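> quick one: sequence plus predicted model below, questions after.
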Amino acid sequence: MLVMALASWGVGCGGSGGGDRAAPSTTVPTVEPPPTNPIDADGPDPDVLAANGSYWMFTTTADHLRVPVRGATRTGRWSAPTEALPERAAWARANDVWAPGVIQVGGRYVMWFGAPTVPNDSVSQCIGVAVADAPGGPYTPVGDKPVICGKGGPTIDPFPWRAPDGRLYIAWTQYRYKTGEPTQILASRLNASGTATVGEPRVLLTDPQGWEAIILENPALFAQSDGTVRLLYSGNFFTGADYATGTATCKGPLGPCVRDTPGKPWLASTGEWKGPGGMSVFRGPHDQVWVTFHAWGSVVGYGKGGRRAPVVRPLSALPPLP
């Protein structure tokens, strides 16, 4: 079932990617708060970077762009997408890129992303890194090998983030269906440049159950005022309306974590959106926590003409966290 879902994912990414449109200008006016206007386009797994007084949204391959990037505009909307990653990584065997996550480290910008390592095989994904001197790119892949590549299934959905003490971390999903072991959400320290992991990864969450089906993916982390760390994650199959978002509370950036939503998801389908997931977290004005995620509209499924459009909201506008 997972193989079929990931294969459908590849089909839904919007083509081969790697378009030739240039990256947007880096001189974008300050926008406060981030735009929340609807984006009428496919844009799975959105990630928003707050940098240089503005906001930049990156998504999984769509619109014939390997990594589409949209900048906040003076009118309080998101710009048309342009190409953030014009060069394919040396180790990648397809143009499709999944779930980019971008973080600022000093005066440089670091993008983590997933890509297939075998042609025409979307379940062969590993995770690599690219860097840029401007938030909107262009980003250049680093190295001739992926940085994170597990065994037993695709390694996907990197989420880099900075803890309150300034240390850098990354969380990701490791599928292990080939070995019959349960899916894991893992986390690791990053080095000072944000381009390599440090030490052995820790398990944040594993053994999907109940509403999650066999899926745990798209981890996103943020620090809470009491010193704990909240983990947001997706469960179930993104191809349908049962895809949803759950939460867990972690003692620290490397766990351990305990599910807050074992019986039902925190954010599920509503009249406004279907299958909300692929969530990412960023800080908006006054250090307020914001989230971005994708959701189907009235039509669910690429085969029926649907699309997973990005949504941007302050966390406070969503149901209270359990």
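Ah, there it is.
> so which residues of the chain form helices?
2-12 (DSSP state H).
> just give me the residue right at the centre of it.
residue 99 (4.1 Å; CA atoms, centre = their mean).
> which ones are touching the closest residue to residue 253 other than its chain neighbours?
Ranked by CB to CB, 6 or more residues apart in numbering and with sequence neighbours excluded, the top spatial neighbour of residue 253 is residue 169, at 4.7 Å. (Each C-beta comes from the backbone N, C-alpha and C, glycine too.) Counting by CB atoms under 8 Å, 6 or more residues apart in numbering, residue 169 makes contact with 160, 161, 162, 163, 187, 188, 189, 190, 221, 253, 254.
> and the pLDDT at residue 169?
For residue 169, the model assigns a pLDDT of 98.
> check residue 153 too.
On the pLDDT scale, residue 153 gets 93.
> pretty sure it sits against residue 176.
Yes - taking CB atoms under 8 Å as the definition, residue 153 is a contact partner of residue 176 at 5.1 Å.
> I figured the residue nearest to the centre of the chain hits residue 67, correct?
No - between residue 99 and residue 67 there is no contact under CB under 8 Å: 10.1 Å.
> find residues that contact each of those two.
Common neighbours of residue 99 and residue 67, using CB under 8 Å, 6+ apart, are residue 113.
> can you verify my assumption that residue 190 contacts residue 159?
No - the pair residue 190 / residue 159 is not scored as a contact, 11.4 Å apart, by CB under 8 Å.
> who has more neighbours out of these two?
Comparing residue 190 with residue 159 by other CB atoms under 10 Å, the one with more neighbours is residue 159, at 26 against 23.
> where's residue 218 relative to residue 128, distance?
When distance is defined by CB to CB, to the nearest Å, residue 218 is 18 Å away from residue 128.
> and the strands in the stretch 151-300 of the chain?
Along the stretch 151-300 of the chain, counting by DSSP state E, counting those that start in this stretch, strands occupy 155-162, 168-174, 184-190, 197-206, 217-223, 229-235, 244-250, 257-259, 274-283, 289-296.
> tell me which of those lies nearest to residue 114.
strand 155-162 (4.5 Å; CB to CB).
> quick one: list the elements packing against that closest one.
Applying 3 or more CB pairs under 8 Å, 6 or more residues apart in numbering; DSSP states H and E, we find strand 155-162 packed against strand 98-105, strand 108-116, strand 125-132, strand 168-174, strand 217-223.
> which residues does the residue nearest to the centre of the chain contact?
Applying CB under 8 Å, 6+ apart to residue 99 gives the contacts 44, 45, 47, 60, 113, 114, 156, 157, 158, 218, 278.
> where does pLDDT dip in the chain?
Residue ranges of the chain with pLDDT under 70: 1-31.
> now the residue nearest to residue 295 when sequence neighbours are not counted: how far from residue 245?
The shortest distance from residue 295 to any non-neighbouring residue, by CB to CB, 6+ apart, is to residue 273 (3.3 Å). Relative to residue 245, residue 273 is positioned 11 Å away (criterion: CB to CB).
> compare those two (neighbour count), which wins?
Set residue 273 next to residue 245 and count neighbours by other CB under 10 Å: residue 245 wins out with 25 against 19.
> got a list of what the residue nearest to that one when sequence neighbours are not counted touches?
Using CB to CB, 6+ apart and skipping residues adjacent in sequence, the residue nearest residue 245 is residue 267, 4.1 Å away. Residue 267 makes contact with 244, 245, 276, 279, 293, 318, 319 under the criterion CB under 8 Å, 6+ apart.
> ok, residue 172 touching residue 158?
Yes - using CB under 8 Å, residue 172 is in contact with residue 158, at 4.7 Å.
> any residues in contact with both of those two?
127, 148.
> look at the two and report which has more neighbours.
Taking other CB under 10 Å, residue 172 and residue 158 do not tie; residue 172 has more neighbours (28 against 24).
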